[in-house]
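1. Show me how the following folds:
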Amino acid sequence: MNMEKEILGMLKEIKSTLNEHSRILNEHSQILNEHSQKFKEHGQILGALKVGQEGLKAEMSELRLQNAKDFGVVKEQIKTLEDSIEILKDETWTNKKDIRRVQRTMGMI
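-> Below is the predicted model of the structure:
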């Protein structure tokens, strides 16, 4: 009978230990579930950031292209202005020569 009591006592200790281990495992399972949920949320946030970043990259590419086009237009306009100034300079010089000739002819010089 003593032996049976010892065995029953040992079984109760084992059962108590197993219950404690089960409780600890349940806590760990909850923690793992929480971590899994957080990882899932972080993955969604990172995905959204990546999509946003790709959108910004596309916008920047469009802006660079538009700036290059605009720069080309401005460069062409500057070239046209330079040509016009050169023509105006030549015409002014020719006019000055004509005015001097007229002044000499009229005896104003």
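2. got a pLDDT number for Leu56?
-> According to the predicted model, the pLDDT of Leu56 comes to 96.
3. okay, now it: neighbour count?
-> Under the neighbour criterion other Cβ atoms under 10 Å, Leu56 is assigned a count of 10. Where C-beta positions appear, they are placed from N, C-alpha and C, glycine not excepted.
4. swap in Phe71?
-> Using other Cβ under 10 Å, Phe71 has 10 other residues around it.
5. Spit out the contact partners of it.
-> The contact partners of Phe71, by Cβ atoms under 8 Å, 6 or more residues apart in numbering, come to none.
6. Distance from the helix or strand harbouring Leu25 to the middle of the chain?
-> Per DSSP states H and E, Leu25 falls inside helix 2-106. With Cα atoms, centre = their mean, to the nearest Å as the basis, the distance from the averaged C-alpha position of helix 2-106 to the chain average is 1 Å.
7. which residues sit in contact with Ile109?
-> Neighbouring residues of Ile109 by Cβ under 8 Å, 6+ apart: 100, 103.
8. okay, it: pLDDT?
-> According to the prediction, Ile109 has pLDDT 72.
9. Could you check how far it is from Arg101?
-> In this structure, Ile109 lies at 10 Å from Arg101, with Cβ to Cβ, to the nearest Å as the measure.
10. Then Met1?
-> Taking Cβ to Cβ, one finds Met1 at 147 Å from Arg101.
11. Look at the two and report which has more neighbours.
-> Neighbours of Met1 and Arg101, each counted by other Cβ under 10 Å, are more numerous for Arg101; the result is 11 against 5.
12. Provide the backbone phi and psi angles at Met108.
-> Met108 has phi and psi values of phi -80, psi -10 when expressed as degrees, to the nearest 10.
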